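got a predicted structure here, sequence first:
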Amino acid sequence: MSEINTLEGISSQLGQCLKAARQARGLTLKQVAERTGMALSTLSKVENGLMSLTYDKLLQLTSGLQMEIAELFNPVVGRLDQDRPVTARRSISRAGQGQVIATRFYTYTYQCTDLIGKRMVPIVAEVRARSLEEFGPLLRHAGEEYFLVTSGRVAVHTEFYAPEILDAGDGIYLDSTMGHAYLNAGDEPARGVCLCTSEAPDLYDQLRRIASRDSPAGD
């Protein structure tokens, strides 16, 4: 009897978290079915706590929704932002200010460095490398990012897509765990604003380590 109750509890929690994650993304069950390739009837049973999923089905579901498996078993992770407490955090970025780190391929100016443990790291970047041969291995780090070109032209190379050319005012949103590189594709200096975000508490440190790898000293 206790084993049955445990299984029912797992199914119920999975259903609640799936529903919360789905609603947080503004999706219907039909849209989830289309994105994941899973049967609508199966997803309905899961949400109603009538059915659990095997590990391979969990992978299929989370891959289609671009989420972590942990989100399906943690009600807190699946909640909408309105359930989070107000932190009242604030930081102002003044023109010409920030922590500057110069590498062989970029000049990074980190913004709002007075805040620690940020889930988002804002960076003003100047792109200098002009070829993948010059750039070297593609970059990878936790989370997602948005890059907005503010001047010049930028070529975006990624692991799974053909290169794209971005002009001033163009932007790109991408999965940062996918290999990626920004290259100067014009005759003038290329600059942009990059917003990196992740649930990882050490995102800033990860980005700093990557910058150190590409520093002129090589350390």
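Perfect, thanks for sending it. Residues are numbered from 1 along each chain as shown.

contact partners for the most centrally placed residue in the chain?
Of all residues in the chain, the one closest to the mean position by C-alpha atoms, centre = their mean is residue 144, 1.9 Å from it. Taking C-beta atoms under 8 Å, 6 or more residues apart in numbering as the contact definition, residue 144 lies against 173-176, 196-198. All C-beta spots, glycine's among them, are computed from the backbone N, C-alpha and C.

where along this protein do the strands fall?
In the chain, the strands defined using DSSP state E lie at 99-102, 106-110, 120-127, 144-151, 153-158, 164-167, 171-175, 180-184, 190-197.

tell me which of the ones you listed sits nearest to residue 91.
strand 120-127 (9.3 Å; C-beta to C-beta).

redo the strands of the chain as TSV? Include distance to residue 51.
Output for the strands of the chain, formatted as TSV (distance: least, C-beta to C-beta, whole Å):
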stretch	distance to residue 51
strand 99-102	51
strand 106-110	47
strand 120-127	37
strand 144-151	31
strand 153-158	37
strand 164-167	41
strand 171-175	30
strand 180-184	38
strand 190-197	33
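
from the chain's centroid, how far away is stretch 156-173?
Mean C-alpha position of stretch 156-173 versus that of the full chain (C-alpha atoms, centre = their mean, to the nearest Å) differs by 16 Å.

just the buried residues of that stretch, please?
Residues of stretch 156-173 classed as buried by neighbour count (16 or more other C-beta atoms under 10 Å): 156-158, 166, 168, 172.

now the end-to-end length of that stretch.
The first residue of stretch 156-173 is 11 Å away from its last residue (C-alpha to C-alpha, to the nearest Å).
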